[in-house]
Each structure stands twice: as C-alpha cells, then as structure tokens.
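Peer 1: sequence first, then the predicted structure:
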Amino acid sequence: MSVPFTWLYKFHTMNINSLSALSNKKAWFSSISSLNDPFEGCFSVTRPETDDDFRMLFKPIANILLKKNMRDINTKELLSETGANDFIEKLYESGQPKFKEFMDNLLQEQEEDYRDEFLKMATYCLSSDIPGDERSHVANSLMWSHYADGLKGFCIKYNGQELHKSIKELNKEKNIDYAFVRYEKEMHKVFFLDFFDGNSKGFAGALHTKHDSWGYECEIRFLTNKNGYVNYSAESIDSIYIGDRMPPEQQKLLVDIVRKNYPDAKIHGVRFHKSSFSIEIGKWINE
C-alpha cells in the first residue's frame with residue numbers, strides 16, 4: 001500500500017546507541033512514556049450531564065462490573081448480567097449525586113488503567129517535509145538544535161515508502177502502523193461513552209496529538225505495542241547528513257559505517273550559514 005510521504009527524517013545525537021542501530025539497520029521504538037513531551041498520551045474525558053447521558057452508561061458500566069467480578073452487596077454472590085444491570089439502575093434511581101460519585105470513581109479508575117496501557121505503546125518518531133515549504137526538513141535549524149546536539153549529531157533521510165514497506169516485511173511478528181501527529185491548542189477529548197465502552201478508536205488520538213508549539217517537527221509516528229528494535233532495509237536510507245560540529249574522528253567513524261552498510265546512500269555535511277539564520281548543505285565532512 002502506498003504511503004502519503006516521500007521523505008522522512010530522523011535526527012540523532014552521536015552516541016553508541018545511534019551508531020549501533022545504524023550499523024545494524026535497526027530503528028529503536030521508544031515507549032511513549034520515555035518521550036520528551038510530558039503531555040504525551042494525555043487526554044480529557046467529557047462528562048455525562050443529562051438524564052439521557054446517564055442512562056446511556058447503564059449497560060457499559062454493568063459490563064465493567066461483570067469484568068471486575070463484582071459481588072452482590074446482599075448475597076455476596078457474583079453479579080449476573082441481569083444483577084449488574086439492576087444494580088446500576090437502582091443506584092441511579094436512588095439519587096443522581098450518589099450515582100455520579102460512583103460513576104466518577106469508576107471513570108477515574110478506568111482512565112488510569114487506559115493511560116498506563118497507552119504509555120506502554122512504542123513509537124519511532126520521524127519528521128516529514130513541511131507542506132508548502134520547498135526546503136527540505138534537513139534545513140530545519142530547530143531540529144538540529146533540539147535533536148542532533150546543535151550540529152554535533154547527524155540526520156538520516158529515509159525513502160518513506162521503502163522504509164514503511166521494509167518495516168512491515170521484516171517484522172511480520174509485530175503489528176506496526178503509522179500516524180500523522182496533529183498539532184492542537186487543546187488536549188485531545190474522549191467522549192465518555194466511547195471511554196466506558198472501551199472503544200480504543202475514541203481515545204487513540206491521544207497517541208498522536210501534541211500541542212501546536214511542537215508544530216515545527218511535522219512529525220510522523222510508526223507505532224507498535226512494545227518498545228524495542230525493528231529491522232529495516234538498506235535501501236530505506238537515501239542520505240546521511242552530518243553536522244559540522246561533530247568531531248572529525250567521529251565523522252570518519254560515521255562515514256565508515258555508512259559506506260559499509262549503505263553503499264548507495266549519499267553523504268552530506270551540514271552547517272549554520274555564517275551570515276543568516278539558515279542551514280547550508282555541502283561536502284564539509286571528514287572521510
């Protein structure tokens with residue numbers, strides 16, 4: 001299946017982990033909880049307000065009670081499906097404040113469980129070219145500053161379609177998908193009924209929604225259910241860009257790794273322009 005991106009970029013600091021992954025044609029999928037944005041995976045849940053809203057919750061809450069093996073408060077026996085429904089309806093009819101307190105406590109518990117599960121998800125975060133901007137994302141000075149140690153690191157330019165295809169083909173035991181990150185001013189909201197129904201589509205958007213202050217990243221995420229290394233093909237890499245502040249001996253080591261493992265990849269040097277706030281790309285590398 002064709003993917004809607006041509007080039008993808010991964011900015012790296014120069015360290016043993018990034019070199020090892022590059023040498024072995026592997027991408028590290030990090031758990032969501034380890035990413036640098038403290039709001040990763042956060043969402044808010046709408047609250048029921050009307051009588052109809054509350055009645056919509058009877059069945060899903062009863063199902064939750066059954067899954068939790070709740071017992072009848074009088075007989076101490078496990079609740080049946082009918083018993084669970086009766087319990088919820090009677091609780092609601094006994095007075096809405098009491099039911100609302102019960103529902104809020106249950107919602108809080110469910111929210112914490114789902115949040116914990118979300119944070120265990122793993123992602124390989126990349127950038128795509130910014131729509132409407134003719135410059136390559138390699139020219140994004142903020143990315144070099146924030147993720148490549150201020151031009152002491154390097155950037156991998158992937159062929160997006162080849163990367164996506166090879167990740168799917170070489171890791172068939174994993175369920176890997178991708179998503180574009182949406183940049184919003186408000187936190188992702190989940191409809192309360194989706195939440196109680198366990199409808200993952202309703203709150204999965206939290207995995208790829210970030211505050212619009214991160215918009216300069218133009219991020220795309222590959223997602224799977226567990227952190228760890230994922231294989232990709234040598235043909236996935238089109239170019240390597242090396243920051244000119246990387247020490248010469250490190251530049252030579254990086255070039256050697258690229259030449260050995262990615263013979264068709266192009267190698268470029270990158271530096272800050274001396275008289276403007278821009279990036280220059282050329283041959284300033286030690287080979």
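Peer 2: Arrived safely, thanks for sending.

Peer 1: helices of the stretch 151-287 of the chain, residue ranges please.
Peer 2: Taking DSSP state H, counting those that start in this stretch as the criterion, the stretch 151-287 of the chain carries its helices at 160-170, 192-197, 200-203, 248-261.

Peer 1: same question, the stretch 1-150 of the chain
Peer 2: Under DSSP H, counting those that start in this stretch, the stretch 1-150 of the chain gives helices at 16-23, 51-56, 58-67, 81-93, 96-120, 141-147.

Peer 1: next, the buried residues of the last one.
Peer 2: Residues 141, 143-144, 147 are the ones in helix 141-147 that count as buried (16 or more other C-beta atoms under 10 Å). For glycine as for every other residue, the C-beta is placed from the backbone atoms N, C-alpha and C.

Peer 1: what does that helix rub up against?
Peer 2: 9, 11-13, 127, 137, 150-151, 153, 155, 216-217, 243, 270, 272, 277-279 (C-beta atoms under 8 Å, 6 or more residues apart in numbering).

Peer 1: rewinding a little: relative to residue 247, which of the buried residues of helix 141-147 is nearest.
Peer 2: Taking C-beta to C-beta as the measure, residue 247 sits nearest to residue 144 out of the buried residues of helix 141-147, at 16.3 Å.

Peer 1: what's the distance between that closest one and residue 227?
Peer 2: 26 Å (C-beta to C-beta, to the nearest Å).

Peer 1: what's the neighbour count on the closest residue to residue 58 other than its chain neighbours?
Peer 2: Excluding its sequence neighbours, the residue lying closest to residue 58 (C-beta to C-beta, 6 or more residues apart in numbering) is residue 88, at 4.9 Å. Counted with other C-beta atoms under 10 Å, the neighbours of residue 88 add up to 24.

Peer 1: quick check, residue 88 in contact with residue 62.
Peer 2: Yes - under the criterion of C-beta atoms under 8 Å, residue 88 makes contact with residue 62 at 5.2 Å.

Peer 1: and the residue nearest to residue 58, what does it touch?
Peer 2: 57-58, 61-62, 65.

Peer 1: follow-up on the earlier one: need the buried residues of helix 141-147 in CSV (columns: pLDDT).
Peer 2: Formatted as CSV, the buried residues of helix 141-147 follow (pLDDT from 0 to 100):
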residue, pLDDT
141, 91
143, 93
144, 94
147, 95
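
Peer 1: the bottom helix or strand of this protein by mean pLDDT?
Peer 2: helix 200-203 (a mean of 64; mean pLDDT, DSSP states H and E).

Peer 1: and the nearest residue to residue 232 once chain neighbours are set aside, how far is that from residue 6?
Peer 2: Once flanking residues are discounted, residue 232 sits nearest to residue 166: 4.7 Å by C-beta to C-beta, 6+ apart. Residue 166 is 16 Å from residue 6, where distance means C-beta to C-beta.

Peer 1: more neighbours, those two?
Peer 2: residue 166 (20 against 12).

Peer 1: where does the protein have low pLDDT?
Peer 2: By pLDDT under 70, the weakly predicted segments of the chain are 1-2, 73-74, 132-134, 197-203, 284, 286-287.

Peer 1: if we can go back for a sec, was I right to think the residue nearest to residue 232 contacts residue 237?
Peer 2: No - in this structure, residue 166 is not within contact of residue 237 by C-beta under 8 Å, at 10.4 Å.

Peer 1: OK, contacts around the residue nearest to residue 100 when sequence neighbours are not counted?
Peer 2: Distance criterion C-beta to C-beta, 6+ apart; nearest residue to residue 100, sequence neighbours excluded, is residue 54 at 7.9 Å. Residue 54 sits next to 48, 92, 96, 99-100, 103 when contact means C-beta under 8 Å, 6+ apart.

Peer 1: good, we can wrap up now.
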